[in-house]
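Student: Got a predicted structure here, sequence first:
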Amino acid sequence: MKLSIIIPVYQVAGTLSRCLDSLSDQSFRDWQAILVDDASSDGSANICDEYVKRDHRFQVVHLRRNSGLSAARNVGLEKARGQYITFVDSDDYIADDSLKTLFEILATHPDYDLLEYPVYEHYGSSKIHLLQFQRREYSDPLAYWLEGKAYLHAYAWNKIYRKEVFDKVKFPERRNFEDIYTLPSILRNCHMMATTDVGLYYYCYNPEGITQKATTNDLTHLLSAHIRALRQIIAALKRRRHDKGLSALLPAYYEQVLNIQLDVYHACGRLSKDFPILPYRNTLKLKLLHFLGLKRLCQLHKIFRYRH
């Protein structure tokens, strides 16, 4: 079997059929879909059972208690039998023939450990955005993260992974924004990563989703995950003393992590004790960080946002 598709399911009776139909309609047929019902009470479980009866490629695991997205994905990983793995959230879907075009690429590039493809972000909202990629290969995870700016789209879905990259890797349970914790660990197991301009994932706007209803703890977890990744990258670059090209890209990621800290402070007034003060001053915001200090910059940012 070529592909295992892992689909966590929780309270998505209104969108689940659209998601599963997008898989059934794929011209690429060599897959299994593992539906992990996370103790839904809205009829989602019955929809899962209907698709299992209709198509033998669907299978379902019904969890007895609600355990969260990460736990559901981890259950799916345990059941996966495909040579490759991908994830689809149950309120999203993929475009026709996406799997066919992606596996045509993988057939000619069997060395790819990760293949990332385009996404319609926030589909169905006023913030809709088509995230596109050029066809590009990366033999270095740091280059993929910094040059490819993977930190801006560190989603678990819209990627096809060789199964082996999940060796000793699990999603952290009981944490939201779990993808940013997990992708750096996956990348450490990758030798060749690639992006492509074919295939299309629809990341649909969901007013009840974590992105829209993130709590202050959720945002704090997101910041902590990025600080952790930032420190790991700094340590890796220190071991590569002569890699000036990637080192020059680090300030852009650092500023992105700073932006998350600003959002956390705006939401709840928290400053991370672990936020590193690095010697970058190549943008106005980073210059202000050194001139004002982290707390005063956060205060100024909060005042500015209130006025606008």
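Tutor: Sure, I can see it.

Student: quick one: contacts of the lengthiest helix in the chain?
Tutor: Ranked by residue count, the top helix of the chain under DSSP state H comes out as helix 216-239. The contact list for helix 216-239 (Cβ atoms under 8 Å, 6 or more residues apart in numbering) reads 142, 145-146, 151, 175-177, 180-181, 184, 210, 214, 243, 246-247, 250, 253-254, 256-257, 260-261, 263-264, 267-268, 270, 272, 274-276, 278. No exception for glycine: its C-beta is placed from N, CA and C like everyone else's.

Student: how about it: buried residues?
Tutor: Within helix 216-239, the residues scored as buried using 16 or more other Cβ atoms under 10 Å are 218-227, 229-230, 233, 236-237.

Student: Tell me the one among those residues nearest to Leu77.
Tutor: Ala225 (19.4 Å; Cβ to Cβ).

Student: quick one: the strands in this protein?
Tutor: Taking DSSP state E as the criterion, the chain carries its strands at 3-9, 31-37, 58-62, 84-87, 93-94, 114-116, 119-123, 129-131, 136-138, 159-162, 193-195, 201-204.

Student: mind putting those in CSV, mean pLDDT and distance to Arg18 included?
Tutor: Listed next are these as CSV, based on pLDDT from 0 to 100; distance: least, Cβ to Cβ, whole Å:
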stretch, mean pLDDT, distance to Arg18
strand 3-9, 98, 12
strand 31-37, 98, 14
strand 58-62, 98, 15
strand 84-87, 98, 16
strand 93-94, 98, 5
strand 114-116, 98, 23
strand 119-123, 96, 12
strand 129-131, 97, 19
strand 136-138, 98, 31
strand 159-162, 98, 21
strand 193-195, 98, 26
strand 201-204, 97, 9
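
Student: Mean neighbour count, those strands: which tops it?
Tutor: The highest average neighbour count among these, using mean count of other Cβ atoms under 10 Å, belongs to strand 3-9 at a mean of 26.

Student: Given it, what are its sheet partners and their directions?
Tutor: Using DSSP bridges, the strands paired with strand 3-9 are strand 31-37 (parallel), strand 84-87 (parallel).

Student: Whichever of the contacts of helix 216-239 end up buried, select them in ChimeraX.
Tutor: Of the contacts of helix 216-239, the buried ones go into a single ChimeraX selection, burial set by 16+ other Cβ under 10 Å:
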select :142,145,146,151,175,176,177,180,181,184,214,246,247,250,253,254,257,260,261,263,264,272,275,278
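
Student: I'd like to know which of the strands of the chain lies nearest to Arg305.
Tutor: strand 119-123 (20.4 Å).

Student: which other helices and strands contact the closest one?
Tutor: strand 129-131, strand 201-204 (3 or more Cβ pairs under 8 Å, 6 or more residues apart in numbering; DSSP states H and E).

Student: Go ahead and name everything in contact with the shortest one.
Tutor: Spelled out, it's strand 129-131. With Cβ under 8 Å, 6+ apart as the test, strand 129-131 has contacts from Pro118, Val119, Tyr120, Glu121, His122, His153.

Student: what does the longest one give?
Tutor: Residues from elsewhere that reach strand 201-204 (Cβ under 8 Å, 6+ apart): 15, 88-89, 91-95, 98, 117-124, 155, 157-158.

Student: Alpha carbons only: can I get it in PDB?
Tutor: Below are the C-alpha coordinates for strand 201-204, written out as PDB (Å, rounded to 0.1, in the frame of the first residue of the first chain):
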ATOM      1  CA  TYR A 201      -5.300  21.300   0.000                       C
ATOM      2  CA  TYR A 202      -8.400  23.300   1.200                       C
ATOM      3  CA  TYR A 203      -7.800  24.500   4.700                       C
ATOM      4  CA  CYS A 204     -11.300  25.600   5.500                       C
END
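
Student: that older thread, using CSV, please lay out the strands of the chain together with distance to Lys302.
Tutor: Conversion of the strands of the chain to CSV gives the following (distance: least, Cβ to Cβ, whole Å):
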stretch, distance to Lys302
strand 3-9, 35
strand 31-37, 40
strand 58-62, 44
strand 84-87, 35
strand 93-94, 38
strand 114-116, 34
strand 119-123, 25
strand 129-131, 26
strand 136-138, 37
strand 159-162, 35
strand 193-195, 36
strand 201-204, 29
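
Student: can you tell me which of the ones you listed comes nearest to Ser44?
Tutor: Closest to Ser44 of these, according to Cβ to Cβ: strand 3-9, at 5.2 Å.

Student: Just want the angle from that closest one to strand 58-62.
Tutor: If you take axes from the mean of the first three to the mean of the last three Cα atoms, to 10 degrees, strand 3-9 sits at 40 degrees to strand 58-62.

Student: Please tell me how far strand 3-9 is from the chain's geometric centre.
Tutor: Counting by Cα atoms, centre = their mean, to the nearest Å, strand 3-9 is centred 15 Å from the centre of its parent chain.

Student: repeat for stretch 297-308
Tutor: On the basis of Cα atoms, centre = their mean, stretch 297-308 sits 29 Å off its chain's mean C-alpha point.
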